[in-house]
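Undergrad: Got a sequence here, can you model it:
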Amino acid sequence: MDLHFGDSKPTDDERAAVDALLGPPESSWEGADRSDADLRWARGGREARDRRDLLLPGLHAINDRVGWISDGALDYLCRRLTVPPAEAYGVATFYAMFSVKPRPATVLHVCTDLACAAAGASGLCAGIESRLGLGSGVSVQRSPCLGLCERAPAALAIKAGDPVRTAVSAPATVHDAVLAASAPDSAPEEPPAALAVPQAGGDDLILLRRVGVVDPSSLDDYRAHGGYTALRRAFELGPAGVIREVTDSGLVGRGGAAFPTGRKWQATASQPDHPHYVVCNADESEPGTFKDRVLMEGDPYALVEAMTIAAYATGAHRGYLYLRGEYPRALHRLEHALAQARARGLLGDDILGQGYAFDIEIRRGAGAYICGEETALFNSIEGYRGEPRSKPPFPVEKGLFGKPTVENNVETLVNVLPILTMGAPAYAAIGTGRSTGPKLFCVSGSVARPGIYELPFGATLGELLELAGARDGLRAVLLGGAAGGFVRADELDIPLTFEGTREAGTTLGSGVVMAFDDTVPLPRLLLRIAEFFRDESCGQCVPCRVGTVRQEEALHRIVERTGAAAADDIALLREVGRAMRDASICGLGQTAWNAVESAIDRLGAYE
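TA: You can find the predicted model right below:
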């Protein structure tokens with residue numbers, strides 16, 4: 001049984017948005033005029049399945065043009081792609097940036113997550129809503145982290161149309177946010193990405209050395225500063241030689257899991273099944289994380305080059321860059337970089353005259369934290385709900401489209417460039433024996449100089465906070481974001497390595513370092529973390545779907561009660577947390593209790 005939308009018809013704008021993506025319909029079955037086409041045939045079988053992955057871009061096309069997705073528009077898109085409407089409805093309602101109910105063409109997303117909450121997001125939202133009032137033509141939505149933590153509080157305005165227009169206000173004031181929503185084209189320009197890098201221009205930088213130095217729109221400028229030297233070196237080494245260098249360097253994933261990159265590449269390259277795929281996970285949605293955004297905005301060609309090297313090493317000829325939907329400037333920079341690389345023979349059928357073919361397609365996310373999990377990301381690209389898959393099989397065997405796939409995040413990939421240019425031994429000499437190379441840290445909260453910092457593994461938390469100018473009255477530091485854990489202000493000698501943080505009973509995660517002074521209400525902060533996980537749970541497995549709700553309910557009660565009643569709820573939290581950690585399918589449920597547990601045990605949050 002399937003959903004049917006009755007007699008709902010797409011508007012001219014909705015039809016035009018879909019046709020601009022898919023081309024004009026070829027038959028009446030797909031929605032063409034009956035006088036011009038034959039109703040007796042439709043795409044089916046393999047051809048229909050091969051088009052299913054265009055569902056997410058199609059939903060974006062409608063939402064971008066109109067601001068929401070009507071029954072008629074969804075039905076038309078389903079006809080064009082031969083997708084059951086019930087499945088398409090399930091996909092459309094999965095993502096926070098889409099709406100299947102009428103709403104104004106302009107949506108103003110105001111971040112209310114951890115860094116922005118500490119910077120006064122609640123008052124900002126109230127002021128914006130008061131200023132706009134009813135009938136303003138603007139929908140104000142409280143949003144999870146927008147990846148602008150160094151400029152908190154933050155707001156993102158999206159105005160539907162042809163073309164869609166966006167404007168960022170950060171740090172946001174009521175006046176600037178309202179201006180961004182009412183007149184995106186008149187809003188002040190975003191500051192350059194280099195302003196998010198307090199060390200910009202430093203001689204000792206490796207990953208960030210070009211940010212603020214090169215023009216991110218200029219391929220010539222990138223090449224003049226060492227760009228594409230690593231790819232030429234890769235062609236000299238050959239695929240096996242590249243994998244050997246990456247393996248010998250000790251590089252591990254920078255997204256939080258810390259899996260050895262060389263092993264992942266080798267496992268993918270050795271699979272006999274073809275084609276192979278390379279996927280860049282640029283859907284950094286962990287509250288407090290913004291390093292990948294800064295890299296993409298400030299040095300986009302580095303990511304294009306690094307993905308090309310990963311593809312060459314693993315035998316892939318197609319790559320997908322999954323970019324979170326809340327990064328409009330990164331999208332424009334990367335689209336321009338890909339177009340320039342194709343025009344100059346650095347992507348396409350014969351890269352650098354080596355007879356090697358590879359190209360990259362950008363796929364936009366639409367507001368789903370769970371799509372940072374690699375298999376959920378694959379489902380999203382394929383046109384399904386972004387729900388994690390059970391493992392095994394692992395992505396190196398059956399990943400995107402059921403084929404061997406190597407998936408890395410932006411920071412991991414960009415590390416490959418210095419490995420090839422300086423050599424694996426020199427790279428491995430940076431950091432410590434078990435955590436090699438440089439690491440990017442996203443510092444925000446109660447510090448004088450928030451931003452992205454590059455330090456070798458092994459620097460201490462105190463050294464990092466000293467660079468960032470931690471304020472007086474420091475009470476706690478959150479490492480790893482909402483999925484990480486808190487440490488006390490007297491634990492700043494923790495070495496920032498994977499093994500060092502593990503030994504200290506916490507996690508390095510993706511590199512989030514969020515400082516909070518004694519003016520931040522800790523119980524409210526923990527409740528916001530619980531709300532975040534409840535909202536972002538995909539609902540596929542019971543431990544996470546139910547556990548995140550029970551966790552939030554218990555924290556609400558604890559805030560309102562004390563004594564024995566609070567003790568009972570803390571005991572319940574521990575039981576629920578253990579169940580989520582042990583039985584959830586993916587890392588979201590497995591880590592949803594971490595920050596709350598650490599706040600209770602290390603900080604005495606409710607004493």
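Undergrad: now could you export just the CA positions of stretch 155-169 as CSV?
TA: Only the C-alpha atoms of stretch 155-169 are listed here, as CSV (Å, rounded to 0.1, in the frame of the first residue of the first chain):
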residue,chain,number,x,y,z
ALA,A,155,21.8,33.0,12.4
LEU,A,156,21.3,31.8,8.8
ALA,A,157,18.6,33.2,6.5
ILE,A,158,17.4,31.3,3.5
LYS,A,159,15.1,33.0,1.0
ALA,A,160,13.5,30.6,-1.5
GLY,A,161,13.4,31.7,-5.1
ASP,A,162,15.3,31.4,-8.4
PRO,A,163,18.0,31.6,-7.4
VAL,A,164,17.8,30.8,-3.7
ARG,A,165,19.4,33.5,-1.6
THR,A,166,21.2,33.1,1.8
ALA,A,167,22.8,35.4,4.3
VAL,A,168,24.7,34.7,7.5
SER,A,169,24.6,36.9,10.6
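Undergrad: Now find how far off-centre that stretch is within its chain.
TA: From the chain centre to the centre of stretch 155-169 is a distance of 19 Å (CA atoms, centre = their mean, to the nearest Å).
Undergrad: Also stretch 286-302?
TA: For stretch 286-302, the distance from its own C-alpha centre to the chain's C-alpha centre is 10 Å (CA atoms, centre = their mean).
Undergrad: what do you get for stretch 533-542?
TA: In terms of CA atoms, centre = their mean, the centre of stretch 533-542 is set 17 Å apart from its chain centre.
Undergrad: now do stretch 11-23
TA: From the chain centre to the centre of stretch 11-23 is a distance of 28 Å (CA atoms, centre = their mean).
Undergrad: Please apply the same query to stretch 246-264.
TA: The offset between the C-alpha centroid of stretch 246-264 and the centroid of the whole chain comes to 19 Å, using CA atoms, centre = their mean.
Undergrad: And stretch 400-412, by the same measure?
TA: 14 Å.
Undergrad: same thing with stretch 192-208?
TA: Relative to the mean C-alpha coordinate of its chain, stretch 192-208 is positioned 21 Å out (CA atoms, centre = their mean).
Undergrad: does R333 really touch D215, like I thought?
TA: No: under the contact definition of CB atoms under 8 Å, R333 does not touch D215, with a separation of 10.9 Å. (Glycine included, C-beta is placed from N, CA and C.)
Undergrad: In terms of neighbours, single out the busier of these two.
TA: Looking at R333 and D215 with other CB atoms under 10 Å, you find the greater number of neighbours at R333, namely 21 against 11.
Undergrad: quick one: contacts for the closest residue to R233 other than its chain neighbours?
TA: In this structure, R233 finds its nearest non-sequential neighbour in L420, 4.6 Å apart by CB to CB, 6 or more residues apart in numbering. Shown here is L420, whose contacts under the criterion CB atoms under 8 Å, 6 or more residues apart in numbering are 229-230, 233-234, 237, 242, 245, 309.
Undergrad: Let's see which of those end up in helices.
TA: The helices in this structure, assigned by DSSP state H, contain 229-230, 233-234, 237, 242, 245, 309 from those.
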